[in-house]
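> here is my input; please provide its structure:
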Amino acid sequence: MGLMEEVVAQLMQPYFYYSVGAMLASFLAVNLVLRFTKVFSHRVRSYLHIAPLLSPLFALLVFPPELYYYRMGDLPPAVDHISFIAGPFMPLGPPQVVSVFSYTGMLCITGLVLGMFILLFCLNPGTGWLKRCGVINCTEEDFPEAQLIVQRCADRLGLDTPKLGILEDLRPNAFIAGRGRKSVIILSLGLLDSFTDEEVEAAVAHEMMHLSHGDHIFRSIAMALAAVSFFNPLAYFCATAALREREHWADTGSIKEGYSAAALEDALRKVSAGPGKIGVGALRGMNLWLLAGSPLLPKRWLSFHPSADQRIEAINRPDGVSKSWAYVGLALVITTILCFTFLTSFHEVHEIIVADHMLRPPAMMAHGALADHTGFHEGNLTLGFRIPPGPPPSS
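Just a heads-up that it's a prediction; the model follows:
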């Protein structure tokens, strides 16, 4: 088998091929639907964006990845030539079945292990790392006005009051870490110095909505699913798009709870117009929700956060109506049709490539020599697909 055929064989391994293909199909279908359908709320849109990340798990149930696959060994040219001349009068040994290491299978197994590790780590991060990153835990006497704002927001939303932490940074920002009774809301000194009380309340309400919506768990699952397909760039785009929608949902959710939209807009403008985004250092990448995004990801489709302008525009635009069942049903039908069409096309392409590049057994395979000597009966020597039987070659 030549180098090109070996590369094709690696890429055509069932789990790798169908996990990538199914994610591509569902990614295109979901984005087409969301592009031309404006009736979905930010909550529903976040779930739709995360849906393509589930396709590798379904592929896993049908085609579990393996570290090795099997193919027919290449016969020496002289032997292959003699077999056609001598025919049945010259006995030949059994064809060789070669075990080949699957690099794509190794990638898939690594992704599954990595996803499980990230899920466990993100769900139980603790808050001890905050002190190592420069966050000061406040007592009940510290920053009483900020403590009162946090208390009022928690009571209004029916949540456990999170602890207050202060980050010694002159750039305005806020984020929340942990969940439940172990949650901590962190405000920078720059935010407390430059924001009015109403703007601080709007920023705190936004962060508290992340707790109310269970975004800690959502983000953990999204990052774990993206890690499962770390070799597929589409997984990253799906996860970031879903998390951007959660940011919009936190904005609109705080406004629906009665907090000032104008104050939130002013807070976002001050954050974006500041000397720079928060220098959280080791905090970046942890399971938390920053009021402003990372300066290392300026592109909209690469960032976990929408830009301030996009968030202000979304605040002034009514949220989609998730209960428009007629539109929802139509969108689901279109998505199903598109996914089915794409997957059918991928299956046909897969069959053609397999037939053209890999299923080339030697002549004696048609005589049953492979089954007699190896125990494989119409087996999956290459990819898990049946080798169609054919008539014996004419002598």
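
> mind checking pLDDT for residue 32?
If you check residue 32, the pLDDT there is 84.

> assign a three-state SS to it, would you?
Following DSSP: H, G, I helix; E, B strand; the rest coil, we place residue 32 in the helix state.

> what's around it, how many residues?
14 (other C-beta atoms under 10 Å). For every residue, glycine as well, the C-beta is placed using N, CA and C.

> for the remainder of this discussion, apply numbering that starts at 374.
Got it, first residue is 374 now, which makes that one residue 405.

> how far away is it from residue 683?
From residue 405 across to residue 683, the span is 20 Å (C-beta to C-beta, to the nearest Å).

> same check on residue 564?
As judged by C-beta to C-beta, residue 564 and residue 683 stand 21 Å apart.

> compare those two (neighbour count), which wins?
For residue 564 versus residue 683, neighbours defined as other C-beta under 10 Å are more numerous around residue 564 (28 against 15).

> what sits closest to residue 511 if chain neighbours are left out?
Take residue 511 and drop its neighbours on the chain: the residue closest to it by C-beta to C-beta, 6 or more residues apart in numbering is residue 537, 4.5 Å away.

> the one you found pairs with what?
residue 558 (DSSP bridges).

> go ahead and confirm it touches residue 560.
Yes - at 7.2 Å, residue 537 and residue 560 qualify as touching, with contact defined as C-beta atoms under 8 Å.

> give me the common contacts of these two.
Both residue 537 and residue 560 are in contact with residue 519, where contact means C-beta atoms under 8 Å, 6 or more residues apart in numbering.

> of those two, who's got more company?
Using other C-beta under 10 Å as the criterion, residue 537 and residue 560 rank with residue 560 on top: 27 against 22.

> surely that one forms part of a helix?
No - read with three-state DSSP, residue 560 is strand and lies in no helix.

> spit out the contact partners of it.
Counting by C-beta under 8 Å, 6+ apart, residue 560 has contacts 519, 537-540, 547, 573, 576-577.

> could you do residue 623 as well?
579-580, 582-583, 586, 588, 662 are the contacts of residue 623 under C-beta under 8 Å, 6+ apart.

> following the helix or strand harbouring it, which helix or strand comes up?
Using DSSP states H and E, residue 623 sits within helix 606-629. Toward the C-terminal end, the helix or strand that comes next after helix 606-629 (DSSP H and E) is helix 634-645.

> what sits closest to residue 379 if chain neighbours are left out?
Sequence neighbours aside, residue 473 is the residue nearest to residue 379 in space, at 7.8 Å (criterion: C-beta to C-beta, 6+ apart).

> partners of the one you found in the sheet?
On the basis of DSSP bridges, residue 473 is bridged to residue 442.

> picking up where we left off before, from the contacts of residue 623, which has minimum pLDDT?
When those are compared on pLDDT, residue 662 comes out lowest, with 52.

> re the thing from before, pull up the gap between the residue nearest to residue 379 and residue 612, please.
Residue 473 is 32 Å from residue 612, by C-beta to C-beta.

> between the two, who's got more neighbours?
The residue with more neighbours, out of residue 473 and residue 612, is residue 612; 24 against 14, by other C-beta under 10 Å.

> please report the number of neighbouring residues for the nearest residue in space to the more buried one that is not next to it in sequence.
Of all residues not flanking residue 612 in the chain, residue 599 sits nearest, at 4.1 Å (C-beta to C-beta, 6+ apart). Per other C-beta under 10 Å, the neighbour tally for residue 599 reads 24.

> circling back: between the contacts of residue 560, identify the one with the most neighbours.
residue 576 (29 neighbours).

> which residues sit in contact with that one?
Contacts of residue 576 (C-beta under 8 Å, 6+ apart): 547, 560, 564, 568, 637, 640, 664.

> looking at those, which is nearest residue 382?
Among the contacts of residue 576, residue 664 lies closest to residue 382 (C-beta to C-beta), at 49.1 Å.

> coming back round to it: so of the contacts of residue 560, which ones are in helices?
Applying DSSP state H to those, the entries found in helices are 519, 573, 576-577.

> in those residues, find the pair that's most separated.
Based on C-beta to C-beta, the longest span within these runs between 519 and 576 and measures 10.5 Å.

> and the angle for the helix holding residue 623 with helix 634-645?
140 degrees (axes from the mean of the first three to the mean of the last three C-alpha atoms, to 10 degrees).

> how about the CA coordinates for helix 606-629, as CSV?
The C-alpha trace of helix 606-629 is given here as CSV (Å, rounded to 0.1, in the frame of the first residue of the first chain):
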residue,chain,number,x,y,z
PRO,A,606,-11.6,22.8,14.5
LEU,A,607,-15.4,22.9,14.2
ALA,A,608,-15.7,21.6,17.8
TYR,A,609,-14.0,24.8,19.0
PHE,A,610,-16.3,27.0,16.9
CYS,A,611,-19.4,25.2,18.2
ALA,A,612,-18.3,25.6,21.9
THR,A,613,-17.5,29.3,21.6
ALA,A,614,-20.7,30.1,19.7
ALA,A,615,-22.7,28.4,22.4
LEU,A,616,-20.9,30.3,25.2
ARG,A,617,-21.4,33.6,23.4
GLU,A,618,-25.1,32.9,23.4
ARG,A,619,-25.0,32.3,27.1
GLU,A,620,-23.5,35.7,27.6
HIS,A,621,-26.3,37.3,25.6
TRP,A,622,-28.8,35.3,27.7
ALA,A,623,-27.2,36.6,31.0
ASP,A,624,-27.6,40.1,29.7
THR,A,625,-31.2,39.8,28.6
GLY,A,626,-32.0,37.7,31.7
SER,A,627,-30.8,40.4,34.1
ILE,A,628,-32.9,43.0,32.3
LYS,A,629,-36.0,40.8,32.5
